[in-house]
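Asks: have a look at this prediction, sequence included:
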Amino acid sequence: VTVSRKMVRSINQMKSIFLSIQNKDFTKRYHYVSNTELDALGDSLNQTVSQLENKIQKEYLMTIQQKNIEFHAL
C-alpha cells in the first residue's frame, strides 16, 4: 500500500508539471517521492523541461535580435 501511494504521488506530481508546461510555466520540477522507476522518469522530465525552457529562451532572444536588425535597417 505504501509503495502504491508513493507511485500515485509521483504520477500526480508529474501530471502537475505537465499542466504547468501547458500553461507556459517552466519553473516546476519533479522532486523524488519514491525509489521506483518513476524517479528515473522524473529525471527525464526535469531534463526535458529544462531543455524546452532553454530552447524557448533562445528562440525569443533570436526573435528580438532579428527585430532589432530589421529596425536598424530601416
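Replies: Nice, I can see it. Numbers count the residues shown, from 1 in each chain.
Asks: stretch 42-56: how far from the chain's middle?
Replies: 5 Å (CA atoms, centre = their mean, to the nearest Å).
Asks: same deal with stretch 55-74?
Replies: So, by CA atoms, centre = their mean, the centroid of stretch 55-74 is 24 Å from its chain's centroid.
Asks: CA atoms only: put that stretch into CSV for me.
Replies: Output of stretch 55-74 as CSV, limited to C-alpha atoms (Å, rounded to 0.1, in the frame of the first residue of the first chain):
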residue,chain,number,x,y,z
LYS,A,55,15.1,26.5,-26.5
ILE,A,56,12.2,28.8,-26.0
GLN,A,57,14.5,31.5,-24.4
LYS,A,58,17.0,31.2,-27.3
GLU,A,59,14.2,31.5,-29.8
TYR,A,60,12.8,34.5,-28.0
LEU,A,61,16.3,36.2,-28.0
MET,A,62,16.8,35.4,-31.6
THR,A,63,13.4,37.0,-32.5
ILE,A,64,14.3,40.1,-30.6
GLN,A,65,17.7,40.3,-32.3
GLN,A,66,16.1,39.9,-35.7
LYS,A,67,13.6,42.7,-34.9
ASN,A,68,16.5,44.9,-33.8
ILE,A,69,18.3,44.2,-37.1
GLU,A,70,15.2,45.0,-39.1
PHE,A,71,14.7,48.2,-37.1
HIS,A,72,18.3,49.4,-37.7
ALA,A,73,18.0,48.5,-41.4
LEU,A,74,15.0,50.9,-41.7
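Asks: how about residues contacting it?
Replies: For stretch 55-74, the surrounding residues in contact (CB atoms under 8 Å, 6 or more residues apart in numbering) are residue 26. (Glycine included, C-beta is placed from N, CA and C.)
Asks: pLDDT averaged over it - what is it?
Replies: Averaged across stretch 55-74, the pLDDT comes to 94.
Asks: what residues of that stretch count as buried?
Replies: Going by neighbour count (16 or more other CB atoms under 10 Å), nothing in stretch 55-74 comes out as buried.
Asks: contacting residues for the residue sitting nearest the centre point of the chain?
Replies: Geometric centre of the chain, nearest residue: residue 49, 2.3 Å, by CA atoms, centre = their mean. Counting by CB under 8 Å, 6+ apart, residue 49 touches 17, 21, 26, 28, 29.
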